[in-house]
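S.K.: Sharing a model that was predicted from the sequence below.
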Amino acid sequence: MSEERNEIIDTFRRVEDKYAMTPAQAEMFLQKCRSHIKEDVYFRYTVQSIYYDTIGSDLIIQSLLKPEYKMKLRLRSYGQPDGTKPVFLETKKKYKNIVYKRRIVLGEKEADDYLEFGIPHHVHNNTADEIDYIMNFYNPEAKVLIAYDRECYSSTTENDVRITLDTNIRYRTDHVTLYEDGSEKKLAEGVVMLEVKAMDRYPMWLVRILSEMNLRRTSFSKYGTIYSMDHRPEAVHTASQNTYAALNYRKENPLCSVQY
């Protein structure tokens, strides 16, 4: 699967909405969607991501303050790395409701050499230049490994609609590498995070199902939640409280409209 990922698009612009569910709700949701979705070409896999931030965690603090614009830098592997699989170094930016992702594909050792020692890698394009700027400006360091198991579905009628369900979310803040060692802690245990990814609009069948199940968008950042648990809410004012609330299924926004 990793080799195939080398060929897929490396720039994304889309809306990504999250919904916190119980396992029972997730099963019901999939049953209702059965005639509208199919297993994605990358259906079931594990995601490991290292999030990078400044020494003072400025990027996540700013993100928790709910600005119109925010940015994250992460290194991602699909499946447990083994020294031979490619990894993805990417920026994730959000302006208002739109998410922009840009990434480059590196060898695992090549990525480590670049991130830890500043040794240049082989990629030369606009995204690589932008990441160079971020590295020089913020001097980021590895803050947390976040891993989870994902199922991914795509719409049978809309090319731009994908649905993912993340379970068994776990993390480690010590000895941060892409390799899981069994010491990871559980995050949001018993929660299934549904994410709808769309370029333009929700199809009507999805709007109907979300309405029938009374599901509402929630604000949930895995990295933000971990930071908030380790640093009391006063460290980031009241923004951290919004992240805690997502774990308690607080529904904070009305159902999205069909048209963005």
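M.R.: Okay, I see it.
S.K.: show me where pLDDT drops low in the stretch 151-260 of the chain?
M.R.: Low-confidence segments of the stretch 151-260 of the chain, defined by pLDDT under 70, are located at 232-260.
S.K.: Could you pull out the strands in the stretch 101-250 of the chain for me?
M.R.: Secondary structure of the stretch 101-250 of the chain (DSSP state E, counting those that start in this stretch): strands located at 141-155, 161-172, 185-186, 192-198.
S.K.: isn't Ile119 right up against Asp113?
M.R.: Yes - using C-beta atoms under 8 Å, Ile119 and Asp113 qualify as a contacting pair, with a distance of 4.0 Å. Every C-beta, even on glycine, is put in place using the N, C-alpha and C of the backbone.
S.K.: Neighbour count: those two, which is higher?
M.R.: Taking neighbours as other C-beta atoms under 10 Å, Ile119 and Asp113 compare with Asp113 leading, 15 against 11.
S.K.: contacting residues around the more buried one?
M.R.: When the contact criterion is C-beta atoms under 8 Å, 6 or more residues apart in numbering, the partners of Asp113 are 119, 121.
S.K.: And for the one 5 residues further on?
M.R.: Residues counted as contacts of Gly118 (C-beta under 8 Å, 6+ apart) are Met135.
S.K.: From Tyr45, how far off is it?
M.R.: With the distance defined as C-beta to C-beta, to the nearest Å, Gly118 ends up 31 Å from Tyr45.
S.K.: ok, back up a step: do you know which of the strands of the stretch 101-250 of the chain lies nearest Ile134?
M.R.: strand 141-155 (12.6 Å; C-beta to C-beta).
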